[in-house]
Structure formats: structure tokens, C-alpha cells
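K.L.:
here is my input; please provide its structure:
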Amino acid sequence: TQIHKYAYLITQEYYINSIYKGLSKDEKSIIKKRLYPGNNYVTDYINNDEEETIDLLSLIGKLRYVIDCTRIDCMAALGIISENCTKANYQQVKLAYQILSFLYTTKDYVLKLHASRDKDIKLYAFCDASHNIGNGHSRLGGVFYLTYESAPISCFSKKDIAVSNSAMEAEIRALDRTARQIIIYRELLNELNYQQTEPTIIYTDSKASVEYFKHYRNSKKLRHIMKLIHTIRNAVNERIIKLVYIRTEYNVADILTKLTSLSSFKQLQSWILYGYNEIELGKYIEYSNKLIDEPSDTEPDLHDTDED
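P.N.:
From the prediction side, this is the model:
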């Protein structure tokens, strides 16, 4: 951990190097190649006959320690290969080494946490769901921030144990999990004398969910999850949370639910490791909600941080 301009920079470079030193010569040769978790690169350093000799559980445990602590940008990829890893197939082994390759070639990346007392403590969150990623299950993701230009204090990337019948149902399940976490964090902040007087904003890329909770609507297709709906609706009515729409490309929780393209991954990675700029985020929200009623092919300059 280093302190730089009122910010803690957290890295696990030494631990990643120790993982690399424990690899064989053939494994080290493939790790040095620059990969990222979402590409389609196929490694050929291992034959099918050697598949049973790979200690995938040990490797996943080491990756889990790194990713859960500092490299949360790879959480979705690790979650995918962790399923049924006791009987790992060839694709899981390749993806595990692909993730390790990415961590090794980007071991100088850090998690930035602000340490300045001048920053206001304002809890806000992002959530997303990837519907039907396999066997009908969805992957839910959520990110929780305390201040701008700082990494999140917490996040989750979980495979939903229930089968969602629609994308909206999956989004509601993600909203429910996010709202429950926010209730806990708000109570903790209040005990620490950081009163959250305004509703905590949850940014989601589901227009249907935002509109559904804006009005008192009921649907026969959602009767089986009415308990989740009532939990979210009560939180909205009691001004605990507020749902705000944001376009998918600006939703950082998207990196926790699916494997994205390289360009999208790099942008989302910077937001989840270093945080959002407050002015830029405001422009993202304004642009996202403007397109609901007035679609436009021209995108404003969202990187201009000068105040109006």
C-alpha cells in the first residue's frame, strides 16, 4: 500500500510475482503474452492427455485472493471458470491461465482509494444482470462507491441460484441484492456520523425496471418475485434508494456480469479501479436519460470536465 496525493494505492504485485515463480517453464512462456479475460485467444501449451495433471483448484484459489482484494476487474471471468472446477474441462484450464496472464502483464495496476477528509461521503451504487448466461441462470453484479474518483468499497459478481424468465426479472433480482446491501451500508455510515440524508442512487441500465418502480404497477409475469419487488418498492418509498437509468456502456457493473470487448473492458476497468469523475458521471446520466425521449446519433463531449 502506498499513499499518493491523499489516496491509498493498493497493489498485489509481489504476490502475483510469487505465483509466476511457481510455474513451470512452459507455463511461464504463455503467461508473458499480453491477454485480457474476454478475448478468444486459444492456448496450445497443454495437451488433452495432460489435463488431469493441472491443479486448477490451487490456481483458482490464488487468483481468487488477488481478484477479490485488488483486481476486481477480473471478477466475472474468474466466476465463470470457478463453476464445477473440481472437474475442470479444457476450456476452464485455458481461461484460468488466460486470467493469470492478464494479471501478470498488468501487475503494476493499483486500486485507488481516496484518503482526503475534504471528500464528501456519499454512497451510490451500480447494478446489472446478464440474463441466461448458461442453463437459464443469470449473473448478477453490483458496485458500491463512497466518493468520486475513488475505487468502490465493495462489489459482487454472483451467479443467480434461481432461473429468471426474462431480462427484467434478472435485473430486479440484481436490484434487490443491491438494495439490501445499501441498507446495511447506510446504517453503518450513520453509526460513524456520516449521515445519508438523501436517497442512495442505484444506477441501472434497465429502462423497464426504472419505469416499473416509478409507477405502482403489477404484472402477472412477476407474481413469483413479488417479495423482491415489495422490498425494492418500500426502499424507494422510504427514500432509502433512488433508481436512475444509465446507458450500458457507462454502467461499471457491466464488467461484473459478462465478458466484454477489449475497448469496453478498458473503459470499465478504469472506472472500477480508479472511480468516476463527478462531472463526467453527471454528463453520462444526462445523455442517457435524454436519449429515452430524444434519440440522437451524435454524442456530446463527455470528457470535458469544465463546469457550465
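K.L.:
can you show me the strands along the stretch 101-250 of the chain?
P.N.:
Taking DSSP state E, counting those that start in this stretch, the strands of the stretch 101-250 of the chain run over residues 111-114, 124-134, 137-145, 154-163, 200-204, 241-245.
K.L.:
so which bits of the longest helix along the chain are buried?
P.N.:
For the chain, the helix that runs over the most residues, judged by DSSP state H, is helix 167-191. Judged by neighbour count using 16 or more other Cβ atoms under 10 Å, the buried positions of helix 167-191 are 167-179, 181-182, 185-186, 189. (Each C-beta comes from the backbone N, C-alpha and C, glycine too.)
K.L.:
likewise stretch 146-164?
P.N.:
146-152, 155-160, 164.
K.L.:
determine which two of those residues are furthest apart.
P.N.:
The distance between the two most remote of the buried residues of stretch 146-164 (Cβ to Cβ) is 34.4 Å, for 149 and 164.
K.L.:
adding distance to residue 20 and mean pLDDT, write the strands of the stretch 101-250 of the chain out as JSON lines.
P.N.:
Converted to JSON lines, those look like this (distance: least, Cβ to Cβ, whole Å; pLDDT from 0 to 100):
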{"stretch": "strand 111-114", "distance to residue 20": "20", "mean pLDDT": "85"}
{"stretch": "strand 124-134", "distance to residue 20": "30", "mean pLDDT": "84"}
{"stretch": "strand 137-145", "distance to residue 20": "29", "mean pLDDT": "90"}
{"stretch": "strand 154-163", "distance to residue 20": "25", "mean pLDDT": "88"}
{"stretch": "strand 200-204", "distance to residue 20": "37", "mean pLDDT": "95"}
{"stretch": "strand 241-245", "distance to residue 20": "42", "mean pLDDT": "94"}
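K.L.:
how about those in CSV, adding distance to residue 59?
P.N.:
Shown next, in CSV, are the strands of the stretch 101-250 of the chain (distance: least, Cβ to Cβ, whole Å):
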stretch, distance to residue 59
strand 111-114, 22
strand 124-134, 22
strand 137-145, 21
strand 154-163, 19
strand 200-204, 34
strand 241-245, 38
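K.L.:
having no further points to raise, I will conclude here.
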